[in-house]
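Asks: got a predicted model here, sequence first, then my questions.
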Amino acid sequence: MAFFTERHLATLTTLRADGTPHVVPVGVTLDAATGTARVITSGTSAKVRHVRRGQVQGGQVQGGQVQGGQAQGGPARVAVCQVDGKVWTTLEGTAVVREDAGSVADAEARYAVRYQQPRVNPARVVLEISVDRVLGNAERWRGPEAPQ
């Protein structure tokens, strides 16, 4: 996806414990060959807490609280969206937190190619997103395979 090689900021949506969305600006990289998006961040951020908690299955939000759901320890559902005028793409999938030095170094190197060398952050982790749904019109507008 060519749109994810250009320099654009994105938003990451995670879910709070009460099921409401938490939307923050992020830099994101995409490995289209593996369907993996990566966001580098501090391990103490709210987005990391939300992903660590995992998604809520089978419940519904009433009065700001999740009713009847069961927290799962597995991956959390997230969405990453970037927009440039009329061109937009949303990547949806499941996210996990990677803390090992190899994963962090790999994500930092990918970030440096798309944006710039990230500042030093000893508490850095990676939100690794396995993309299972792509929405938007970016490829129609900018993708190399798009018909003219």
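Replies: The structure has been received and is ready for your questions. Numbers count the residues shown, from 1 in each chain.

Asks: the longest helix anywhere in the chain - contacts with which helices or strands?
Replies: In the chain, assigned by DSSP state H, the helix with the most residues is helix 101-114. For helix 101-114, the elements it packs on are strand 29-31, strand 36-42, strand 124-136, judged by 3 or more Cβ pairs under 8 Å, 6 or more residues apart in numbering; DSSP states H and E. To be clear about C-beta, it is placed using only N, CA and C from the backbone, and glycine gets the same treatment.

Asks: show me what the first one is packed against.
Replies: Same thing as strand 29-31. Strand 29-31 is packed against strand 36-42, helix 101-114, with contacts defined by 3+ Cβ pairs under 8 Å, 6+ apart.

Asks: looking at these, which one is packed in the most?
Replies: The highest mean neighbour count among those, using mean count of other Cβ atoms under 10 Å, belongs to strand 36-42: a mean of 21.

Asks: now that strand against helix 101-114, angle please.
Replies: Interaxial angle of strand 36-42 relative to helix 101-114 (axes from the mean of the first three to the mean of the last three Cα atoms, to 10 degrees): 100 degrees.

Asks: pLDDT score assigned to the residue positioned nearest the centre of the chain?
Replies: Among the residues of the chain, the one closest to the centroid is residue 80, at 4.6 Å (Cα atoms, centre = their mean). Note on residue 80: pLDDT of 97.

Asks: contact partners for it?
Replies: With contacts defined as Cβ atoms under 8 Å, 6 or more residues apart in numbering, residue 80 is in contact with 10-13, 26, 28, 37, 39, 90-91, 129.

Asks: now do residue 42
Replies: 48, 121, 123-125.

Asks: in those residues, find the pair that's most separated.
Replies: Using Cβ to Cβ, the contacts of residue 42 reach their maximum pairwise distance at 48 and 121, which is 12.5 Å.

Asks: which one of these two has more residues nearby?
Replies: residue 48 (21 against 13; other Cβ atoms under 10 Å).

Asks: that one is in contact with residue 126, isn't it?
Replies: No: if you go by Cβ atoms under 8 Å, residue 48 and residue 126 don't touch, sitting 9.7 Å apart.

Asks: what residues do those two have in common as contacts?
Replies: With Cβ under 8 Å, 6+ apart as the test, residue 48 and residue 126 both reach 41, 97.

Asks: below-threshold pLDDT in this protein: ranges please.
Replies: Applying pLDDT under 70 to the chain flags residues 1, 55-74, 139-148.
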